[in-house]
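Engineer: Mind folding the following:
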Amino acid sequence: MSTILENIGERLPPCIWFDGGDKRNAIASIISGFLFFVGWWIIIDAASVHTGSVLAGYHMCGVFGTISLIMVNSVSNAQIRGDMFDGGCMGPRGSRIWLFIGFVVGFASVIAACWILFADFVANSEHMGQWPGVALFLQNALIFVSSLIYKFGRSEDLWG
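Structural biologist: Residues are numbered from 1 along each chain as shown. Next up is the predicted model:
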């Protein structure tokens, strides 16, 4: 199976359209920041328009998504590989555990937002409408995608 994928990879032309060189980090940071901003803007809009529908506890999904973004992006791939990180009590293993916990928190926030969407807004759509739940899900999905773009879209992390 791996030889099939290697043959496909050799035949495909290189990705020249996104060969930003020095600009790749800036572009990934701008896109990631914009998606993070849009996610929070959507939930703030939904909370201000539908004041009774968006409970204060629903915002915890976004808070944990933001904590996940910080956790995932505070560790570089060089630290995970063990190239430049020897300090601390656990070394590269601690970096890997930190990254794993960050991804788990991010997935959990998206899953919790999806649960709130379907349990509270889709099932009771005649009373509240569905937009606040969709906004909560979009917020967490955009924060998670923002975290992935920032983590894997930067040249330092992809090409070491």
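Engineer: W131 contacts A46, doesn't it?
Structural biologist: Yes - the pair W131 / A46 is scored as a contact, 6.0 Å apart, by C-beta atoms under 8 Å. C-betas here are computed from N, CA, C, even on glycine.
Engineer: which one of the two has more residues nearby?
Structural biologist: Each of W131 and A46 has its neighbours counted (other C-beta atoms under 10 Å); A46 has more, 22 against 18.
Engineer: From G133, how far off is that one?
Structural biologist: A46 sits 9 Å away from G133, going by C-beta to C-beta, to the nearest Å.
Engineer: Name the residue closest to the centre of this protein, please.
Structural biologist: Nearest to the geometric centre of the chain sits F144, at 1.9 Å (C-alpha atoms, centre = their mean).
Engineer: secondary structure element for that one?
Structural biologist: Secondary structure assigned from DSSP states H and E places F144 in helix 131-152.
Engineer: And that helix, what's buried?
Structural biologist: Buried residues in helix 131-152, counted by 16 or more other C-beta atoms under 10 Å: 131-151.
Engineer: same check, this time on stretch 100-112
Structural biologist: Of the residues in stretch 100-112, G102, F103, V105, G106, S109, V110, A112 count as buried by neighbour count, 16+ other C-beta under 10 Å.
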